[in-house]
Structures are given as C-alpha cells and as structure tokens.
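Enquirer: Need coordinates for the below:
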Amino acid sequence: MTLLEAVVAGREGGELGSLPLPERFTAATVRLSDVGMFQGETDKDVRRSLRIDEVPMPELAPDEALVAVMASSVNYNTVWSAIFEPIPTFRFLQQLGRSGGWDARHDLPHHILGSDASGVVVRTGSSVRRWSIGDHVVVTPAYVDGQEPATHSDGMLGSEQRAWGFETNFGGLAHFAVVRASQLLSKSPLLTWEEAAVNPLCAATAYRMLVSDRGARMKQGDVVLIWGATGGLGSYAVQFVRNGGGIPVGVVSSAEKADTLRRLGCEAVIDRSEIEQGDRTVLQRPDGWKKLGSAVRAAVGEDPHIVFEHVGRATFAASVFVARRGGTVVTCGSSTGYEHMFDNRYLWMKLKRLIGSHGANLHEQWEVNRLINMGRIVPTLSKTYALDDVASAVRSVQVNEHIGKVGVLCLAPQPGLGVTDPVGRARVGEDRFRLFQDGDGDVRSAPTACP
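Expert: Numbers count the residues shown, from 1 in each chain. Predicted structure coming up:
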C-alpha cells in the first residue's frame with residue numbers, strides 16, 4: 001500500500017509514518033515561463049495559465065509539517081497568481097529564496113498555489129511538538145516568523161509575515177502541502193473534508209475585520225453594510241454580525257443571490273443591480289452613493305455603523321459616503337482595483353475611520369475554529385471540483401459565477417467524507433451545512449462518516 005492509498009483509507013499514524021514518501025506528487029501550478037502570456041490581453045483566462053503538474057517532493061524543515069491534502073479551496077489570491085497581477089508571485093518566491101537556508105526551497109520555476117487546506121499530517125519536522133502523524137488538521141494561511149519581535153504582539157504585524165500558497169510555495173491545491181506547525185489547527189469533526197477546507201482564510205479574515213480588537217470592534221445593534229454578502233468573505237461576515245447581535249445589510253448582485261442570503265438569515269438585502277440599472281459606474285458617483293444610502297435606510301432605518309469593504313475601486317467611494325458620522329470602513333482587499341478615489345470631506349468632516357485589515361493571527365484563527373466546532377459558524381461551500389478541474393474552479397471565481405466558497409477535492413475520492421462526529425453534526429442540523437449547496441442547485445449526497 002502506498003502512502004496516498006493509506007491516507008485515503010484512513011490508516012493510523014504509525015502505519016502512515018512507516019510508508020515512504022513519494023518522490024513526486026500532483027499539484028496545481030503556474031509556471032515562471034508563462035509570466036508574460038497575458039500581455040496586452042483583456043480577458044486573462046486563468047484556464048490557460050493554471051496547470052496540473054507532477055512536482056518534486058520538498059525536504060521538510062524542523063518546524064514544518066507535511067500534510068496530505070484531502071481538500072482545498074479557491075481564494076481570490078489564486079486568481080491573482082494565475083493572471084500574474086498585480087505582480088507575478090514568482091517575485092515573492094525569489095525574495096523569500098534570497099533569505100537562504102530553508103527558505104531557498106521556495107524559489108522554483110513553478111509555484112504550487114492554494115491558501116486553504118484540510119488533510120492529514122504525514123510527517124513532522126524534528127522541532128514540532130504539538131502535532132503528530134495521523135492528526136486531522138486544517139491549515140491557516142498566515143505564514144509568520146516566530147523569531148521576529150513584532151510577531152509576538154500580533155502575528156500579522158511582522159514584516160516577514162506572508163500568505164501561504166500566495167507569497168510562499170508548496171500551497172494547498174495539491175496532494176501534499178508543506179506548512180509551518182504554527183499554521184495548524186484541529187479539523188472540526190462535524191465537517192467533511194471539503195467543508196473544513198473552505199473556512200480558514202475567509203472566515204478568519206472576516207472575524208478579524210469585524211470582531212477582533214484589531215478590527216472594527218462591532219457591538220450589539222451595529223448596522224453593518226456587507227459588500228458581496230454571498231461571496232467567500234461576505235457570507236462569513238453575515239454570520240459574525242448576526243452572532244454578535246449586529247444588523248447585517250447584505251449587498252448582492254442578483255435576485256438569486258438575494259434568496260440565498262435570506263436563507264443565511266440576513267433579512268436586509270440590497271440588490272445592487274437595482275441601483276445600477278445597467279450603469280456599473282454609478283456607485284463611483286455621488287448620485288449612486290445617495291441611492292445606496294437611501295436603500296440602506298429603507299431597509300433598516302439607519303446609516304451603517306460599519307462598512308465591510310473588500311471590493312475596492314468600484315465601491316470604496318460609496319462605502320466612505322454611506323458610513324454614518326463617526327462610523328468605520330474596514331477593508332481587507334481590492335478585487336476591482338487598488339487605486340481608490342473618494343471624497344475625503346465625508347471622511348474627515350464626519351469623523352469616520354478607515355481600518356486596514358489583513359488575514360488573521362493564529363489566536364483569531366483558533367477563535368473562529370472554536371465557533372465552527374460549536375456549529376455557530378457554518379461553511380459556505382457552494383460547489384466542489386476535482387483537482388484535475390481546478391482551472392475551471394478558479395475561473396468561476398475570476399468571473400464571479402460562484403456564491404460562497406468553491407471547494408477542490410485533492411486526495412478525497414468523493415465529496416461527503418471526513419465527518420467523525422455525525423451525532424454532533426445532526427445536532428447542528430444538516431440543512432445548515434447545505435445552505436449554499438442547495439442555493440445554487442449543487443445538491444450532494446449526505447456526508448459519510450470517515451475515520
């Protein structure tokens with residue numbers, strides 16, 4: 001029996017440790033030789049740049065673990081990597097490689113992508129203490145340097161902090177992933193492999209933005225405007241706002257997405273297509289800002305205390321405008337462009353705050369994982385692809401065809417495996433885990449218990 005076969009069969013750690021590692025493994029990659037392929041093109045279709053390759057197995061550093069990846073997911077940073085924008089991520093790998101030592105392994109002519117994963121630990125480095133071969137884990141994406149002083153204040157403050165699988169190599173869209181031990185958390189026994197894989201990056205990012213003392217510090221009764229409320233980030237933001245006694249106002253782009261959002265429990269929904277009326281630039285102008293503000297007040301009777309912003313150029317000016325006097329705009333990204341134009345009078349004269357937020361530290365990730373284990377936060381998985389079809393999965397995110405999160409099966413042979421506490425899952429309710437799957441018609445069979 002090979003190591004891959006043993007992992008899929010659910011064998012114990014002793015047997016997994018006795019089986020040899022393969023010399024090569026399957027991974028989703030982009031190649032350095034393809035960096036200029038989209039020059040001058042408008043539609044930079046990721047299906048042309050993403051490849052399924054056989055790559056060599058890297059050596060393991062003392063503080064690292066090798067995870068056999070059962071499932072992964074697609075985040076927008078994989079789109080950026082695959083279109084080589086805003087800069088090719090090979091620059092990150094080259095910079096990391098110049099540090100020397102174990103970091104030199106990352107500078108390769110191929111980049112293994114993916115910033116989420118669930119799987120089984122199959123090897124540990126000599127200094128790893130808290131994890132053992134055979135453990136079921138999820139991988140958090142913050143790749144931090146524990147020897148950097150700022151890291152001990154907040155893991156996201158260190159200048160050497162990186163996004164795993166985006167600014168490092170050996171990411172999660174593969175059969176094996178190399179991670180630091182400080183990235184690991186126990187996988188929830190309530191979840192399938194693919195459900196567990198979609199949470200770490202987006203759920204924890206939303207938690208830090210809204211709940212953490214480093215974010216907007218949402219309190220009971222706060223009105224929170226959430227852009228892209230059925231997307232990967234927004235769908236978790238809605239849950240955190242509801243759990244914390246806030247009032248979520250979700251912005252979506254279609255009536256179908258509005259229906260999904262209401263099933264998630266968000267009663268105040270704004271369909272931006274009704275504001276735009278075919279003019280996709282209206283939210284960048286004062287007339288569009290005023291329409292949005294009126295729509296929020298019509299829905300909940302007040303202006304937002306907090307605006308949950310990650311869309312960027314297309315929405316940022318509207319976000320600054322609609323936040324109430326003394327309100328907060330918290331931002332973690334700019335999927336429509338990084339250069340924001342907004343009327344600064346509405347920021348300084350109305351005493352509003354802008355907060356930049358990035359990822360989440362390990363303690364914030366642990367807090368989110370606890371809520372998932374309790375069934376208080378549920379995965380927003382909508383569709384699952386096979387690793388061989390990862391390019392189509394990433395394309396669906398690139399063109400915003402998806403809702404919630406898109407999962408990718410790596411070693412898991414089929415969806416629905418990995419639940420080790422079916423009684424606890426039933427207590428939470430199967431319908432809650434299937435909210436987004438049912439929402440787009442991608443209904444799967446009930447999960448199967450797996451050792």
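
Enquirer: From here on, just use CA atoms for contacts and neighbour counts.
Expert: Fine.

Enquirer: Any idea what G250 is bridged to?
Expert: I226, V269 (DSSP bridges).

Enquirer: Show the contacting residues for it.
Expert: G250 makes contact with 225-229, 238, 261, 266, 268-270 under the criterion C-alpha atoms under 8 Å, 6 or more residues apart in numbering.

Enquirer: Strands of the stretch 201-350 of the chain, start to end?
Expert: 223-226, 247-252, 268-271, 306-309, 328-331 (DSSP state E, counting those that start in this stretch).

Enquirer: okay if I get the ones you listed as CSV plus mean pLDDT and distance to G172?
Expert: Listed next are the strands of the stretch 201-350 of the chain as CSV, based on pLDDT from 0 to 100; distance: least, C-alpha to C-alpha, whole Å:
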stretch, mean pLDDT, distance to G172
strand 223-226, 98, 28
strand 247-252, 96, 29
strand 268-271, 94, 34
strand 306-309, 98, 26
strand 328-331, 98, 25
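
Enquirer: So which of those strands is nearest L201?
Expert: strand 328-331 (15.0 Å; C-alpha to C-alpha).

Enquirer: Need the strands of the stretch 201-350 of the chain in TSV (columns: distance to W102).
Expert: Shown next, in TSV, are those (distance: least, C-alpha to C-alpha, whole Å):
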stretch	distance to W102
strand 223-226	41
strand 247-252	44
strand 268-271	49
strand 306-309	37
strand 328-331	33
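
Enquirer: out of those strands, which comes closest to N400?
Expert: strand 247-252 (11.4 Å).

Enquirer: Now do the spatially closest residue to F90 that is not a sequence neighbour against S115, distance only.
Expert: Take F90 and drop its neighbours on the chain: the residue closest to it by C-alpha to C-alpha, 6 or more residues apart in numbering is L32, 6.8 Å away. L32 sits 19 Å away from S115, going by C-alpha to C-alpha, to the nearest Å.

Enquirer: With neighbour numbers in mind, choose between these two.
Expert: Higher neighbour count among L32 and S115: S115, with 30 against 16, using other C-alpha atoms under 10 Å.

Enquirer: Tell me the pLDDT of the residue nearest to the more buried one when sequence neighbours are not counted.
Expert: Distances taken as C-alpha to C-alpha, 6+ apart place G165 nearest to S115, at 4.8 Å, with adjacent residues excluded. Looking at G165, its pLDDT reads 98.

Enquirer: Who are the contact partners of G165?
Expert: Contacts of G165 (C-alpha under 8 Å, 6+ apart): 112-115, 141, 171-172.

Enquirer: what are the ranges of the helices in the stretch 301-450 of the chain?
Expert: For the stretch 301-450 of the chain, the helices defined by DSSP state H, counting those that start in this stretch cover 316-322, 345-348, 362-373, 390-398, 422-428, 430-433, 435-439.

Enquirer: between the strands of the stretch 201-350 of the chain, which one is nearest to E339?
Expert: Of those, nearest to E339 by C-alpha to C-alpha is strand 328-331, at 13.2 Å.

Enquirer: What are the contacting residues of the closest one?
Expert: Contacts for strand 328-331 (C-alpha under 8 Å, 6+ apart): 209-210, 215-216, 305-310, 319-320, 323, 352-357.

Enquirer: Pairing partners for that strand, with directions?
Expert: strand 306-309 (parallel), strand 353-356 (parallel).

Enquirer: Most tightly packed of those strands?
Expert: strand 306-309 (a mean of 28; mean count of other C-alpha atoms under 10 Å).

Enquirer: Render the CA-only coordinates of that one in PDB, please.
Expert: Taking Å, rounded to 0.1, in the frame of the first residue of the first chain, the C-alpha atoms of strand 306-309 are listed here in PDB:
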ATOM      1  CA  ILE A 306     -19.600  49.700   9.900                       C
ATOM      2  CA  VAL A 307     -19.000  49.100   6.200                       C
ATOM      3  CA  PHE A 308     -17.300  45.700   5.400                       C
ATOM      4  CA  GLU A 309     -15.200  46.600   2.300                       C
END
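
Enquirer: Scan this structure for its longest strand.
Expert: Determined from DSSP state E, the single longest strand within the chain is strand 64-74.

Enquirer: which SS class is the residue nearest to S115?
Expert: Here G165 takes the coil state, with states given by DSSP: H, G, I helix; E, B strand; the rest coil.

Enquirer: same thing with S118?
Expert: Assignment for S118 (three-state DSSP): strand.

Enquirer: re the thing from before, what helices and strands are in contact with the longest strand of the chain?
Expert: strand 117-124, strand 176-180, helix 193-197, helix 390-398, strand 405-409 (3 or more C-alpha pairs under 8 Å, 6 or more residues apart in numbering; DSSP states H and E).

Enquirer: Which other helices and strands does the third one contact?
Expert: Using 3+ C-alpha pairs under 8 Å, 6+ apart, the elements in contact with helix 193-197 are strand 64-74, strand 117-124, strand 381-386, strand 405-409, strand 417-419.

Enquirer: do the last one as well
Expert: Using 3+ C-alpha pairs under 8 Å, 6+ apart as the contact criterion, the elements in contact with strand 405-409 are strand 64-74, helix 193-197, strand 381-386, helix 390-398.
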